[in-house]
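Colleague: Structure, please.
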Amino acid sequence: MDPVEALRETAFWLERERASSYRVEAFRKAAAALSDLSPEEVAERAGSGALARMKGLGPRTVTVVEQALADEVPAYLADLRERNTESLAEGGGELRALLRGDLHSHSDWSDGGSPIEEMARAAAWRGREYQALTDHSPRLTIANGLSRERLEVQLEVVDELNDRLDGMTLLTGIEVDIHLDGTLDQDDDLLGRLDVVVASVHSKLAMDAPSMTRRMVAAVSNPHTDVLGHCTGRLVEGGRGTRRQSQFDAEQVFRACADHQVAVEINSRPERQDPPDELIDLANELGCLFAINTDAHAPGQLDFLDHGAARAAARGIDPDRIVTTWPLERLRTWLTR
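Modeller: Here you go, the predicted model:
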């Protein structure tokens with residue numbers, strides 16, 4: 001077994017289990033430390049005991065490497081595989097099997113934890129037909145949002161990577177911040193070049209309901225917007241604490257989504273569970289499209305689709321109104337509507 005892949009897979013399963021970032025980083029750093037070495041060099045260092053002296057490796061990661069070099073599945077990895085055989089959520093299995101892709105994920109170009117290629121290859125390994133890369137926009141400086149210049153470079157990186165990916169398409173995109181007046185935080189001409197635009201509110205989440213309603217309706221009415229991301233902004237658990245949901249006229253916002261064929265995101269992150277059930281029901285009643293997305297910031301979080309599928313199935317959403325069940329050709333037709 002390739003030792004670098006063994007380290008990366010170990011990190012994937014730990015992320016899937018929502019292990020501490022410290023534990024995950026230990027394996028990702030070890031994989032990065034060895035990634036520029038040839039298999040022969042790794043084996044030579046293992047045989048001489050030099051691995052243990054390398055920066056970025058510790059006793060557990062060295063053991064994983066040594067067992068992989070011995071053509072074994074490392075014991076630690078084998079245990080993780082066994083623990084992760086089941087879905088992350090109860091229910092929704094039939095709908096989960098219909099999901100072909102994911103329109104919201106991040107890389108280390110903004111606030112994600114892994115390179116673009118690693119995210120893409122993990123998505124392909126998990127059976128995606130397509131995966132959208134939607135790093136943050138310039139205004140969100142706390143998340144290292146992409147300037148116009150950086151996003152233009154990223155488009156070239158994605159184009160080159162798609163030439164090397166087998167069986168999966170990486171879609172270009174952005175999670176664009178919605179300004180207070182409802183405009184989007186990137187130049188129109190550049191938004192027009194992207195495959196997917198997820199529009200989300202990240203600031204002034206507690207503003208008064210009439211102002212938030214106008215803000216969101218304006219964003220949804222923008223012809224570049226494809227998906228309304230985590231619409232209430234709430235947090236229900238996790239290391240960041242909890243946060244109350246934003247107040248707005250949900251009927252007005254979802255009617256605008258239906259009128260403009262903008263998909264309402266069912267955000268699969270366990271700490272978000274956004275929208276709440278009653279808002280999913282309202283959007284469903286008003287005829288909205290939906291996108292079940294992971295909002296993944298690391299490869300192991302790509303399996304969070306299980307959570308979104310379970311919630312959508314429980315609310316009785318017709319799979320054909322979930323754009324992430326659509327094949328790529330149909331999805332592209334909608335994206336260029």
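Colleague: quick one, which residue of the protein lies the farthest from its center?
Modeller: For the chain, the largest distance from the centre (CA atoms, centre = their mean) belongs to Ser48, which lies 40.2 Å off.
Colleague: tally of neighbours for the closest residue to Glu152 other than its chain neighbours?
Modeller: Counting by CB to CB, 6 or more residues apart in numbering, the nearest residue to Glu152 once its immediate chain neighbours are dropped is Leu190, at 7.2 Å. Every C-beta, even on glycine, is put in place using the N, C-alpha and C of the backbone. Number of residues near Leu190 (other CB atoms under 10 Å) recorded here: 16.
Colleague: in the chain, which spans are strands?
Modeller: All strands of the chain, identified by DSSP state E, fall at 101-102, 130-133, 169-177, 196-200, 227-228, 263-267, 290-293.
Colleague: would you turn these into TSV with mean neighbour count?
Modeller: Formatted as TSV, the strands of the chain follow (neighbours: other CB atoms under 10 Å):
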stretch	mean neighbour count
strand 101-102	26
strand 130-133	27
strand 169-177	25
strand 196-200	26
strand 227-228	28
strand 263-267	27
strand 290-293	29
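Colleague: Can you add distance to Asp277 and give those back as JSON lines?
Modeller: Formatted as JSON lines, the strands of the chain follow (distance: least, CB to CB, whole Å):
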{"stretch": "strand 101-102", "distance to Asp277": "21"}
{"stretch": "strand 130-133", "distance to Asp277": "25"}
{"stretch": "strand 169-177", "distance to Asp277": "24"}
{"stretch": "strand 196-200", "distance to Asp277": "20"}
{"stretch": "strand 227-228", "distance to Asp277": "17"}
{"stretch": "strand 263-267", "distance to Asp277": "11"}
{"stretch": "strand 290-293", "distance to Asp277": "13"}
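Colleague: if we compare those strands, which one ends up closest to Gly58?
Modeller: Closest to Gly58 of those is strand 130-133 (CB to CB; 31.3 Å).
Colleague: which other residues reach that closest one?
Modeller: Strand 130-133 is contacted by residues 100-107, 116, 119-120, 123-124, 154, 158, 168-173, 195-196, 198, 302, 328, 331 when judged by CB atoms under 8 Å, 6 or more residues apart in numbering.
Colleague: how does it look with 6 Å?
Modeller: Residues from elsewhere that reach strand 130-133 (CB atoms under 6 Å, 6 or more residues apart in numbering): 101-103, 123, 169-171, 173, 196, 328.
Colleague: Closest one of the residues you listed to Arg18?
Modeller: Checking those against Arg18 by CB to CB gives Asp102 as the nearest, at 17.9 Å.
Colleague: quick one: pLDDT of that closest one?
Modeller: Per-residue confidence (pLDDT) for Asp102: 97.
Colleague: Could you tell me how far it is located from Leu171?
Modeller: Distance of Asp102 to Leu171, given as CB to CB, to the nearest Å: 10 Å.
Colleague: ok, now Met216?
Modeller: Taking CB to CB, one finds Met216 at 24 Å from Leu171.
Colleague: Please, where are all the helices along this protein?
Modeller: Taking DSSP state H as the criterion, the chain carries its helices at 3-16, 21-34, 39-48, 59-69, 75-83, 93-98, 116-125, 148-162, 188-191, 209-221, 250-259, 277-285, 305-314, 328-335.
Colleague: Which one of these lies nearest to Ala298?
Modeller: Closest approach to Ala298 among the helices of the chain (CB to CB): helix 3-16, 4.8 Å.
Colleague: Run the chain-centre distance for that closest one.
Modeller: 17 Å (CA atoms, centre = their mean, to the nearest Å).
Colleague: if we can go back for a sec, redo the helices of the chain as CSV? Include distance to Thr141.
Modeller: Shown next, in CSV, are these (distance: least, CB to CB, whole Å):
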stretch, distance to Thr141
helix 3-16, 25
helix 21-34, 21
helix 39-48, 39
helix 59-69, 33
helix 75-83, 36
helix 93-98, 36
helix 116-125, 20
helix 148-162, 13
helix 188-191, 18
helix 209-221, 20
helix 250-259, 27
helix 277-285, 29
helix 305-314, 29
helix 328-335, 28
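Colleague: could these go into TSV alongside mean pLDDT?
Modeller: Below are the helices of the chain laid out as TSV (pLDDT from 0 to 100):
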stretch	mean pLDDT
helix 3-16	97
helix 21-34	96
helix 39-48	94
helix 59-69	97
helix 75-83	98
helix 93-98	98
helix 116-125	97
helix 148-162	98
helix 188-191	98
helix 209-221	98
helix 250-259	98
helix 277-285	98
helix 305-314	98
helix 328-335	98
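Colleague: Quick check: which of these is nearest to Asp177?
Modeller: Closest among these, using CB to CB: helix 209-221, at 9.6 Å.
Colleague: what sits up against that closest one?
Modeller: For helix 209-221, contacts defined as CB under 6 Å, 6+ apart pick out 178, 182, 199, 225, 228, 246-249, 252-253, 256-257, 260, 262.
Colleague: Show me what counts as buried in stretch 71-78.
Modeller: 74, 76-77 (16 or more other CB atoms under 10 Å).
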